[in-house]
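*Asks:* below are the sequence and a predicted model; questions follow.
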There are 2 protein chains.
Amino acid sequence: MSEKTIPYKIYLEEHEMPKQWYNLRADMKNKPGVLLNPETLQPMTLEELSEVFCTELAKQELDDTNAYIDIPEDILKFYKMYRPAPLVRAYCLEEKLQTPAKIYYKFEGNNTSGSHKLNSAIAQAYYAKQQGLKGVTTETGAGQWGTALSMACAYFDLDCKVYMVKVSYEQKPFRREVMRTYGASVTPSPSETTEVGRKILAEHPGTSGSLGCAISEAVETAGKLDGYRYVLGSVLNQVMLHQSIIGLETKAALDKYGITPDIIIGCAGGGSNLGGLIAPFMGEKIRGEKDYHFIAVEPASCPSFTRGKYAYDYCDTGKVCPLSKMYTLGSGFIPSSSHSGGLRYHGMSSTLSQLYDDGLMEARSVEQTSVFEAAREFARIEGILPAPESSHAICVAIDEAMKCKETGEEKTIVFGLTGTGYFDMVAYEKFNNGEMSDYIPTDEELQRGFDSLPKLDL
Amino acid sequence: MSEKTIPYKIYLEEHEMPKQWYNLRADMKNKPGVLLNPETLQPMTLEELSEVFCTELAKQELDDTNAYIDIPEDILKFYKMYRPAPLVRAYCLEEKLQTPAKIYYKFEGNNTSGSHKLNSAIAQAYYAKQQGLKGVTTETGAGQWGTALSMACAYFDLDCKVYMVKVSYEQKPFRREVMRTYGASVTPSPSETTEVGRKILAEHPGTSGSLGCAISEAVETAGKLDGYRYVLGSVLNQVMLHQSIIGLETKAALDKYGITPDIIIGCAGGGSNLGGLIAPFMGEKIRGEKDYHFIAVEPASCPSFTRGKYAYDYCDTGKVCPLSKMYTLGSGFIPSSSHSGGLRYHGMSSTLSQLYDDGLMEARSVEQTSVFEAAREFARIEGILPAPESSHAICVAIDEAMKCKETGEEKTIVFGLTGTGYFDMVAYEKFNNGEMSDYIPTDEELQRGFDSLPKLDL
């Protein structure tokens, strides 16, 4: 392939866009652990799951046999409004780094949610609408998921109730306002509107909230309202399924130009972006067709993969959700308040956890000042101000490109640029002012998180 | 052309991107008024202009004979990072409105500046670098231009000093922080750093600033520093030249699918986006090759076209800049503080002013609550949260589409979606809370602005 024929941005034609999602679990030899009912500790049945999620989504959650699932026509139509996302060749970054590596990034930030979250939000809203529901409830931390879901619900004329972690609600009034513009109602969590919220407020007056707590409130509210279900933006199998659109588009774009990546890098919080990006490539690796080096990048302050335990754990603080087998720091772990870089969730997708446990993937943790340094460098060179979450991947992509510079290897590096940082300027300001510090939890701090793991006799 | 072959988004291939800007003035029969030296009232010479602007940009400012100007290779390279911008077929909006009209919009918001401003910023930074300058100064109101210039200067390693209208500086700390992330220094205007700033502060203590005042400060600062020039993001001929990339891409995308628009709509503040969008189409109209209906949309609260005078006026409050012949409300006119919708400049591009005076273009004014209603409807249907400025064009595009619904005409409407509203959530919040009001200046208020027009004996 002649170098000059590869454009700065590879866009698929509309007719080249994927029409099916890819369900990686179908190809996995060791299947991820199933969800357990928190009361009986038995595997969740479709019936039980359908009380929490829409029935069709509950089916997707449990399906580990069908490799391809048709994307409904209405979702394809919505995808066409903001997809395909470009696969960008980072020519300017390569030049600046003076590296022989070839760097590509899949940019998912060109939509109003500012991230890849919309890929699953529109699917979940669609199935809710199909089921004749009135609305959905959810939680949001940084705000991308809440925004994405608000957009999706506005499109399908569904009510949307968002529990927003209180500290975000207060620090990110603009995120909240975008959601309101799309017609969602946004409640700071913990709140007085739920039992679990009132309990947490009573036990921890003045708490600034957490994702695990907001999840509990959203689940409780959905359960109490007629015609409502709970939806979640990460961690779950169904979410990873929808996010496979990222990897499928990336692979189609690479294939179009005959490019085979050596290294594929993504940031990892709950795992939806990373899981979506690597899915079709990991499938090839598992089937023994090709080999790739996958790197999950997580914050050193919330190191689920690199320092967590592989165990069944609660997904939420209130312990109302099913248990999931995952790399986890324990649902009682709360990252330091000095942490600004996103990816704060204590656990990880069960699929990614199994892949990591099987040695199919590497994980690295990075400190937040390095992350913001990479973010700023990237912004200045490539012209996109990245989300702090995405910048974890940028940081390791630059590291790998610099290794190539040392060794002279012309590796092809692909990373996921999951979103933009337009609503994260409080964190950037801290960094610009030199007021950002790094934080690595001590073994003792981690132990306190592990102590919150359920003592199960499975 | 079969309907179904037109995708949701038309992207040009990289090799189809324009390699020349189009200089509409070369084709105009009645040339726009030339800039006048504020002291001598004689036409500005290249020498005089070169004291303010880079020499190459001064040449472009004066050139009304060359229709096409090559885009330098380094600028093309930068353009490839964030362009081509998509021409989007608003299928969902059409369906929702149940209109037979076909609606397209050229979306310029997919870059970190959030608007079309980057198209000229990168050009102006390039010529500054070529001339061996150390840096540039500028003003910014809403912040798009300042952000765009910061990005462009970071790319070419130039210093960038931005005077930001004080009220924006205070209300939009995140805009400021984006600029700082790109390495720019941002000073609230009026400031103590300039003579004109000190004078204005002495006369109007506690003033929240204005664009005209920030321009004066930026010009003064550039004049005092060695190796600096002033740059401006709108109004000027050179800016309209660079922004012709919008119209050229739009035309190429339409031509690719054999589409001829009937109506072309753009918002108008200083005129750079509208001028850029319509340039190649207006050229065809002037040369008698085709006919199009052009509509400039401005806020009712700052109605330069619809209620202004066509006269020579100052471009800035401090009256340090050359005089320009334009539709103007007088440099003393200041829109009501209740105005949130952008497009606050008192004057208008001299080229657009001449075209309007020649009857080649229609102008309409719209009130801001209608603008935000259109913005919210568009956001919910098309999934993009638009900038208030761009929403002026959306508002009239919807009006025209609804007229087609009444008449049954299948008109093709193209409008410019200049940017996103991610940094305008204070205005959206006001709207969402029902606290936004309309404001139309009285004849007496306009008269006070006209009283500030220079009494010239030309």
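*Replies:* Cool, the structure landed.

*Asks:* A:Val88 belongs to a helix?
*Replies:* No: assigned with DSSP: H, G, I helix; E, B strand; the rest coil, A:Val88 falls outside any helix and is strand.

*Asks:* burial count for it?
*Replies:* 24 (other C-beta atoms under 10 Å in any protein chain shown). The C-beta positions use only the backbone N, C-alpha and C, and glycine is treated the same way.

*Asks:* thought it was touching A:Tyr8?
*Replies:* Yes: taking contacts as C-beta atoms under 8 Å, A:Val88 lies within contact range of A:Tyr8: 6.5 Å.

*Asks:* are there residues contacting both of those two? Which ones?
*Replies:* Taking C-beta atoms under 8 Å, 6 or more residues apart in numbering or on different chains as the contact rule, A:Val88 and A:Tyr8 both touch B:Met81.

*Asks:* list the helices and strands the helix or strand bottoming out on mean pLDDT in chain A packs on?
*Replies:* Within chain A, no helix or strand scores below helix A:166-171, which has a mean of 88 by mean pLDDT, DSSP states H and E. Under the contact definition 3 or more C-beta pairs under 8 Å, 6 or more residues apart in numbering or on different chains; DSSP states H and E, helix A:166-171 sits against strand A:185-189.

*Asks:* in the strand it packs on, what's buried?
*Replies:* Residues of strand A:185-189 classed as buried by neighbour count (16 or more other C-beta atoms under 10 Å in any protein chain shown): A:Val186, A:Thr187, A:Pro188, A:Ser189.

*Asks:* now the least confident helix or strand of chain A - C-alpha only, PDB.
*Replies:* C-alpha atoms of helix A:166-171 as PDB (Å, rounded to 0.1, in the frame of the first residue of the first chain):
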ATOM      1  CA  LYS A 166     -23.600  15.100  43.300                       C
ATOM      2  CA  VAL A 167     -20.100  16.400  42.900                       C
ATOM      3  CA  SER A 168     -20.500  16.300  39.100                       C
ATOM      4  CA  TYR A 169     -23.900  17.900  39.300                       C
ATOM      5  CA  GLU A 170     -22.300  20.800  41.100                       C
ATOM      6  CA  GLN A 171     -19.100  21.000  39.200                       C
END
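
*Asks:* for that helix, which residues meet the burial criterion?
*Replies:* Within helix A:166-171, the residues that count as buried by 16+ other C-beta under 10 Å are A:Lys166, A:Val167, A:Ser168, A:Tyr169, A:Gln171.

*Asks:* picking that back up, ok, of the buried residues of strand A:185-189, which one's closest to B:Thr369?
*Replies:* Comparing the buried residues of strand A:185-189 against B:Thr369 with C-beta to C-beta picks out A:Val186 as the nearest, at 22.9 Å.

*Asks:* that closest one contacts A:Arg176, doesn't it?
*Replies:* Yes: using C-beta under 8 Å, A:Val186 is in contact with A:Arg176, at 5.0 Å.

*Asks:* any common contacting residues for those two?
*Replies:* Residues touching both A:Val186 and A:Arg176 by C-beta under 8 Å, 6+ apart: A:Met164, A:Tyr169.

*Asks:* is it true that A:Glu289 lies in a strand?
*Replies:* No: assigned with three-state DSSP, A:Glu289 falls outside any strand and is coil.

*Asks:* local confidence estimate at it?
*Replies:* What the model reports as pLDDT for A:Glu289 is 98.

*Asks:* no further questions, thank you.
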